[in-house]
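Novice: Dropping the sequence and predicted coords here.
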Amino acid sequence: MQTKIILLGFVGLVALLFYFLLRGESGELLLGNGGFTPAAHFAVDALQSSKEPVSGEKTLQKSNQAPPTVSEKKTPVIPRPPTAVSPPPPALPLAGSVAHVVISEIQFSGSTGSTTRDFIELYNPTGTDLNLAGWKLRKRTQSGNESSLKVFGTGKSIPAHGFFLWANSDDGYAASIGADESSTASLAAHNSLALEDSSGTVIDAVAWGVDLQNPFFEGMSLTAVLEANQSLERKAWQRSCLSPFASGELWGNGCDTDNNSGDFEVRALAHPQHAESPLEP
């Protein structure tokens, strides 16, 4: 805008100057033959050209204009479906008449002349793995003296529908049957046994023999006399208690009616199972 004003002023001054130059002393315009002189024509042209905007200014005005808005075709955003979250696997159904770990098999006479080839097998009829850290196996002798067989260490657990095995460690016996825990403690005829949780609550108990003083037991103690390599095994559970042999062999050991004499049978050849053994059922 300032440039335009300056140019107009300059052109006007030039035109005015020529105007006075073309006048004579009489004040009339000096004319040539039949019209204006060349100088007059120059002045007139200059006045006429001053009415038009400078071409450079036109370009400047155009360049200052905002470019037209171009509507762009946008790709529609399709919302991503939510990530599917897999539900946790369902818990296994209860495989016993009770919802707690039970003592499932006991051997206290592993071979002729041996008093230390002993094991205690546990079974978990519940649908979830259970942490056994701090759980205990305790025994009482015929006279009622109580002692610890084993306190289970950190990281020890029993799988759902699975087993856990303690055994005497003498002569490498525990290692030979894949025991999950071991110690030098031993069992004998006319003993009783308790499984306690980490708080000291008795979860299960079994007694065998006669003339027991203050035993751990449920109902009535077992009176069967075992021979070498035999064991006491808890019955299986399939909507009712059934023998742990033949058709009940793979149904676990979930029968618990709180009566030792009715819940166990004598197994002719002991069959210890540990945490890595196949689940039952």
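Specialist: Cool, the structure landed. Numbering: from 1, shown residues only.
Novice: Only C-alpha atoms from now on, for both contacts and neighbour counts.
Specialist: OK.
Novice: Any figure for the gap between residue 98 and residue 199?
Specialist: 20 Å (Cα to Cα, to the nearest Å).
Novice: These two: who's more crowded?
Specialist: Taking neighbours as other Cα atoms under 10 Å, residue 98 and residue 199 compare with residue 98 leading, 17 against 9.
Novice: Where does the closest residue to residue 93 other than its chain neighbours sit, in terms of helix or strand?
Specialist: Excluding its sequence neighbours, the residue lying closest to residue 93 (Cα to Cα, 6 or more residues apart in numbering) is residue 127, at 5.5 Å. Counting by DSSP states H and E, there is no helix or strand that carries residue 127.
Novice: Check the gap between residue 127 and residue 100 for me.
Specialist: Residue 127 sits 10 Å away from residue 100 when distances are taken as Cα to Cα.
Novice: And for residue 257?
Specialist: 13 Å.
Novice: Could you list the low-pLDDT ranges of the protein?
Specialist: Across the chain, the ranges flagged by pLDDT under 70 are 1-77, 81-92, 111-114.
Novice: can you pull out the helices in it?
Specialist: 2-22, 38-49, 55-64, 173-176, 260-263 (DSSP state H).
Novice: residues touching residue 277, list them.
Specialist: 162-163 (Cα atoms under 8 Å, 6 or more residues apart in numbering).
Novice: Could I get the phi/psi values of it?
Specialist: The phi/psi pair for residue 277 (degrees, to the nearest 10) reads phi -70, psi 160.
Novice: In this structure residue 202 contacts residue 196, no?
Specialist: Yes: under the criterion of Cα atoms under 8 Å, residue 202 makes contact with residue 196 at 4.3 Å.
Novice: okay, those two: which has more neighbours?
Specialist: Set residue 202 next to residue 196 and count neighbours by other Cα under 10 Å: residue 196 wins out with 19 against 16.
Novice: looking at it, that one is touching residue 152, isn't it?
Specialist: No: the pair residue 196 / residue 152 is not scored as a contact, 10.5 Å apart, by Cα under 8 Å.
Novice: shared neighbours of those two, which are they?
Specialist: 135-136.
Novice: ok, residue 240 to residue 118 distance?
Specialist: Relative to residue 118, and taking Cα to Cα, residue 240 is found at 29 Å.
Novice: Pick out whichever of those two has more residues nearby.
Specialist: residue 118 (26 against 12).
Novice: gap between that one and residue 108?
Specialist: Taking Cα to Cα, one finds residue 118 at 5 Å from residue 108.
Novice: Alright, I will stop here.
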